[in-house]
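A.B. asks: Have a look; sequence and predicted model below, questions after that.
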Amino acid sequence: MKHNFYAGPSILSQYTIKNTADAIINFADMGLSILEISHRSKQFQAVMDEADALVKELLEIPAGYSVLWLGGGASMQFAMAPMNLLAKKAAYLDTGVWASKAIKEAKLFGEVDVVASSKDRNYSYIPRDYVIPQDADYFHYTSNNTIYGTEIRKDPDAGKVRLVADMSSDIFSRKFDVSKYDLIYGGAQKNLAPAGVTLVIVRDDALGHVDRVLPTMLDYRTHVKKGSMFNTPPVLPIYAALQTLRYYKQLGGIDVIEKMDLDKAAKLYEAIDSSRMFKANVPNHEDRSIMNVTFVMKPEYAELEKDFLDYAAAHDIVGIKGHRDAGGFRASLYNALPMSSVEALVKVMDDFQKEH
């Protein structure tokens with residue numbers, strides 16, 4: 001058995017993989033593959049309707065919000081969000097590469113106030129005690145930073161300012177209050193589906209307040225009005241997302257999933273913190289991500305980094321090489337990863353340490 005710690009595209013549940021594979025052969029007993037049916041068919045419309053409903057149920061989304069299934073990844077949302085929401089000024093929190101990319105795109109549409117940044121320590125902490133200007137059109141933050149292993153697990157208090165979040169890598173892993181947000185978006189390839197679809201949750205009355213002319217495809221209202229069917233949606237990833245959502249409901253919902261994820265992260269962080277060989281990249285426990293655990297060799301063992309990667313691979317541990325910007329190791333503990341994989345990684349770390 002392979003233990004898959006890739007950061008994204010990443011592990012999917014066997015439930016999702018099997019049911020999606022079956023639909024590639026025969027979708028909805030049509031005698032056709034889901035790869036070749038019309039997105040306008042009643043059978044696929046049923047997929048969209050159920051996926052929308054399950055997102056709203058699992059995340060407890062109140063009335064007045066729309067669930068959209070779009071293309072372009074979260075990177076498209078870096079531009080689409082300010083295009084639709086930024087009239088004069090927006091506030092951003094810089095906590096990593098993806099936050100900084102979002103800031104770059106927002107500057108194309110208006111003034112951007114970067115309220116705080118953790119770049120000074122290679123994004124190894126979450127800034128605190130920053131002030132959000134109350135004349136901003138919205139405040140944007142990235143909830144989980146996959147490269148550096150930090151996470152914001154509490155909804156920020158933005159006052160009267162609209163709240164926007166990139167939740168690409170931790171959505172469906174924790175409870176949060178959707179009513180505090182005007183826009184939430186995330187690429188699917190972590191906790192939801194294979195790459196190719198982007199989930200967007202938007203408060204309907206947040207739209208239509210900018211003067212600029214919006215390209216039809218980049219106007220959220222287009223997709224709200226057409227139910228994500230203005231153009232052909234990414235059919236296969238949406239079907240896979242539906243399977244994941246069904247699986248999450250069967251597990252017992254977000255409360256159960258969050259408990260599982262917290263337990264997995266606690267086990268791995270405990271092994272790192274008690275190790276003589278490894279150390280965590282993020283020193284403050286409150287700032288540590290439960291989705292992406294980043295760690296390195298202590299300086300006196302740094303020359304063993306490649307040896308450990310080879311040793312891990314020989315023991316069926318895959319995908320733990322750290323991002324080039326952070327180095328070291330990264331173990332991604334997404335919802336579909338079982339505790340047994342974390343236990344296998346901990347054992348490999350312990351065995352390697354004993355040998356050296």
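C.D. replies: On my side now, so go ahead. Residues are numbered from 1 along each chain as shown.
A.B. asks: next one: phi and psi at Asp273?
C.D. replies: The phi and psi torsions at Asp273 (degrees, to the nearest 10) take the values phi -70, psi -30.
A.B. asks: isn't it right next to Ala280, touching?
C.D. replies: Yes: at 6.6 Å, Asp273 and Ala280 qualify as touching, with contact defined as Cβ atoms under 8 Å. The C-beta positions use only the backbone N, C-alpha and C, and glycine is treated the same way.
A.B. asks: Comparing those two, which residue is more hemmed in?
C.D. replies: Higher neighbour count among Asp273 and Ala280: Ala280, with 20 against 12, using other Cβ atoms under 10 Å.
A.B. asks: contacting residues around that one?
C.D. replies: Contacts for Ala280 (Cβ atoms under 8 Å, 6 or more residues apart in numbering) come out as 149, 269, 272-273, 288, 293-295.
A.B. asks: Among these, which one has the most neighbours?
C.D. replies: For those, neighbours tallied by other Cβ under 10 Å; top is Gly149, 29 neighbours.
A.B. asks: what's near enough to touch the nearest residue to that one once chain neighbours are set aside?
C.D. replies: Excluding its sequence neighbours, the residue lying closest to Gly149 (Cβ to Cβ, 6 or more residues apart in numbering) is Thr294, at 3.3 Å. By Cβ under 8 Å, 6+ apart, Thr294 lies in contact with 147-149, 280-282, 322, 326, 328-330.
A.B. asks: ok, 7 Å please
C.D. replies: 148-149, 281-282, 322, 326, 328, 330 (Cβ atoms under 7 Å, 6 or more residues apart in numbering).
A.B. asks: and the closest residue to Ser75 other than its chain neighbours, how far is that from Ser10?
C.D. replies: Spatially, and ignoring its direct neighbours in sequence, Ser75 is nearest to Lys101 (6.9 Å; Cβ to Cβ, 6+ apart). Going from Lys101 to Ser10 by Cβ to Cβ, to the nearest Å gives 20 Å.
A.B. asks: Look up how far Ile320 lies from Ala331.
C.D. replies: 5 Å.
A.B. asks: Between these two, tell me which one has more neighbours.
C.D. replies: The neighbour comparison of Ala331 against Ile320 (other Cβ under 10 Å) goes to Ala331, with 29 against 24.
A.B. asks: Okay, and the more buried one sits in which element?
C.D. replies: In this structure, Ala331 sits in strand 329-332 according to DSSP states H and E.
A.B. asks: What residues does the most centrally placed residue in the chain make contact with?
C.D. replies: Computing the C-alpha centroid of the chain and ranking residues by Cα atoms, centre = their mean puts Ser169 first, at 1.7 Å. Ser169 makes contact with 8, 144, 146, 190, 291-292, according to Cβ under 7 Å, 6+ apart.
A.B. asks: okay if I get these as a markdown table plus secondary structure, pLDDT and neighbour count?
C.D. replies: What follows is those, written out as a markdown table (DSSP: H, G, I helix; E, B strand; the rest coil; pLDDT from 0 to 100; neighbours: other Cβ atoms under 10 Å):
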| residue | secondary structure | pLDDT | neighbour count |
| --- | --- | --- | --- |
| Gly8 | coil | 97 | 19 |
| Asn144 | strand | 98 | 29 |
| Thr146 | coil | 97 | 26 |
| Lys190 | coil | 97 | 30 |
| Met291 | coil | 98 | 30 |
| Asn292 | strand | 98 | 32 |
